[in-house]
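Visitor: this one's sequence-less:
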C-alpha cells in the first residue's frame, strides 16, 4: 500500500496528463464523422501493428514446437497415404482440378479465450480466397472454429470457445451423434450432449466432426470424452469433452473450404416431396 | 508581485489577441498562428509541473471553446505543457527548476539556447496541431504549406511579443 502511494505520488502528474489527453482525444475524435473515421482507423492500425509485433515475437519462440508438430503431421499423413496406396495398388492418385476441400494456411493475428464469446483474427481475407463459413482447423488438424467475417486482407473466425457456436459431433468408436458446444467455463472443456441413451459411450472416446455440416470435413477431431453423465428424466447423455486443439497456443491455422457446399445447400433448399 | 501582475497582463493580451484577432484571420487559409502557446512557453521556470499542466488544460479548453474545435487545442497543448521541463532541459540544457523564479529568456538561458527552445516548442506544437487537424496524408502539399506558413507566422508574433514584454517580465538582477 505504501509502495502504491509512493508510486502515485511520484507519477501523479503523468497519470493526470494521460487521463486529460485521453479525454481530449476522445472529445476531438467524436466531434465530427471525419475525425472519428480517421482516428479510429489510425487506432485500429496501431492495435493491429502491436498485435502483429507481439505475435511475431511469440511465433519466433514457438518455432521449435511448430517444427516438431509439422514433422509429426507429415509423418502421419505419409503413413495414411502409404496405407491407402498399399490397399489400392492399381489406383494412381493425382490432385484433380475438382476436389471437395481446399486448404489455406493462415496466421493468427489475435485470439481470445477468456470471454464468453471468443473470436480469432487471422491474416488472410477475401483476396486470399477466404470465404464465409470456412472451417478453421489447428495445424494438427483439430477443429477450432469457422469464419464469420472477412475483409480484403483479414478474417474473423468464431472460435469453438464461443457460447453461441454449435457443431455436430460423432463418437468415432460408436458412431452415435450429438451436439458439441462450449458453456463459457474452462477453455479446455466443452459439452457434448444429445447423445442417444443407447450409445456405448466411454471416457477417452474420441469425438469427431459428424460431417453433417457442409463446412467441417468429416472425421476432423474435436476432442476426447472426459466424463459421462446420464441425467435423470432425460433420454440423452451429457458428456464433458476435453478439446483437442490448444487454443491458448494457437499461432497458425488451416482454413478448409468445401467446394461442394453451395451445391449441397441449393439442393437442400429445393422443395422435397 | 510586480512581475506577477505583468505576467497576468501579458497572458491576457496574448489570449485576447488570439481570440479576437488571430482566430478571425481570413485573408488566407495557409496562415493560422497559434500564439496562445506562448502562455505555456513563458511560464516562470520554477512553476511546478502540475500547475503547468493545468495551465495548458485551461488555455487549451479556452481556445477550443472560442475556436469551436472540440478538443483539438487541448490535446495539442497538454503534451507541450507536460513535456516543457524536458524540452527546456533538452534544448536549453536548463535543469535548475527549483531555484530559478524568472521566465525563460535570453538573459536566463543564453541567446542560442533560448532561440532553440522557442523554435522547437513552437514547431512541435504546430506539428501536433496541424497534424491532428489534417489527420490524413492526402493533400500533403497543402498540409506542409499550412504547417510552414503558420509556424513562421507564430514565430514572428512570438518574437514580437517577446520584444514588447520581455523587459517587463524579467526581473532585474
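Guide: Arrived safely, thanks for sending. This is a predicted model, so every value here is computed, not measured. Residues are numbered from 1 along each chain as shown, chains lettered A, B, ... in the order given.
Visitor: I'd like to know which elements the host helix or strand of residue B:39 is packed against.
Guide: Counting by DSSP states H and E, the element that carries residue B:39 is helix B:38-41. Counting contacts by 3 or more CB pairs under 8 Å, 6 or more residues apart in numbering or on different chains; DSSP states H and E, helix B:38-41 is packed against helix B:2-20, helix B:49-67, helix B:72-82, helix B:111-134, helix B:140-169. (Each C-beta comes from the backbone N, C-alpha and C, glycine too.)
Visitor: which stretch among the ones you listed comes nearest residue B:30?
Guide: helix B:140-169 (4.3 Å; CB to CB).
Visitor: can you give me the buried ones in that closest one?
Guide: If you call a residue buried by 16 or more other CB atoms under 10 Å in any protein chain shown, then helix B:140-169 has these buried ones: B:143, B:146-147, B:149-151, B:153-155, B:157-158, B:161-162, B:165-166, B:169.
Visitor: check which helices and strands that helix is in contact with.
Guide: Short answer (3+ CB pairs under 8 Å, 6+ apart): helix B:140-169 packs on helix B:2-20, helix B:38-41, helix B:111-134.
Visitor: now those helices in a markdown table, with distance to residue A:111, mean pLDDT and mean neighbour count?
Guide: As requested, the helices and strands packed on helix B:140-169 are exported to a markdown table (distance: least, CB to CB, whole Å; pLDDT from 0 to 100; neighbours: other CB atoms under 10 Å in any protein chain shown):
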| stretch | distance to residue A:111 | mean pLDDT | mean neighbour count |
| --- | --- | --- | --- |
| helix B:2-20 | 50 | 86 | 15 |
| helix B:38-41 | 44 | 92 | 22 |
| helix B:111-134 | 33 | 92 | 18 |
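Visitor: how many residues are close by residue A:51?
Guide: 15 (other CB atoms under 10 Å in any protein chain shown).
Visitor: what about residue 46, which SS state?
Guide: Let's take chain A. Three-state call for residue A:46 (DSSP: H, G, I helix; E, B strand; the rest coil): helix.
Visitor: ok, which residues in chain A are in contact with chain B?
Guide: A:12-14, A:16-17, A:20-21, A:23-29, A:31-32, A:34-35, A:38-39, A:42 (CB under 8 Å from any CB of the partner chain).
Visitor: pLDDT of whichever strand or helix holds residue A:67, averaged?
Guide: For residue A:67, the element it lies in under DSSP H and E is helix A:63-87. Computed over helix A:63-87, the mean pLDDT rounds to 79.
Visitor: pull the contacting residues for residue B:39.
Guide: Applying CB atoms under 8 Å, 6 or more residues apart in numbering or on different chains to residue B:39 gives the contacts B:11, B:14, B:15, B:55, B:59.
Visitor: let's see 6 Å
Guide: B:11, B:14, B:59 (CB atoms under 6 Å, 6 or more residues apart in numbering or on different chains).
Visitor: now residue A:139
Guide: A:69, A:252.
Visitor: for it, phi and psi?
Guide: phi -60, psi -30 (degrees, to the nearest 10).
Visitor: can you check residue A:253 too?
Guide: Dihedral angles for residue A:253 - degrees, to the nearest 10 - are phi -140, psi 170.
Visitor: contact partners for it?
Guide: A:106, A:136, A:144.
Visitor: so how far is residue B:17 from it?
Guide: Residue A:253 is 61 Å from residue B:17, where distance means CB to CB, to the nearest Å.
Visitor: show me where chain A has helices.
Guide: A:2-29, A:33-61, A:63-87, A:261-269 (DSSP state H).
Visitor: which of those helices sits most buried?
Guide: Among the helices of chain A, the stretch with the highest mean neighbour count (mean count of other CB atoms under 10 Å in any protein chain shown) is helix A:2-29, at a mean of 14.
Visitor: which parts of the helix or strand of chain B with the lowest mean pLDDT are buried?
Guide: Sorting the helices and strands of chain B by mean pLDDT, DSSP states H and E puts helix B:106-109 at the bottom, at a mean of 83. Going by neighbour count (16+ other CB under 10 Å), the buried part of helix B:106-109 is B:108, B:109.
Visitor: what helices or strands is that helix leaning on?
Guide: With contacts defined as 3 or more CB pairs under 6 Å, 6 or more residues apart in numbering or on different chains; DSSP states H and E, helix B:106-109 has no helix or strand neighbours.
Visitor: one more time with 10 Å, if that's ok
Guide: helix B:84-92, helix B:111-134, helix B:140-169 (3 or more CB pairs under 10 Å, 6 or more residues apart in numbering or on different chains; DSSP states H and E).
Visitor: show the end-to-end separation of stretch A:151-158, please.
Guide: End-to-end distance of stretch A:151-158: 15 Å, with CA to CA, to the nearest Å as the criterion.
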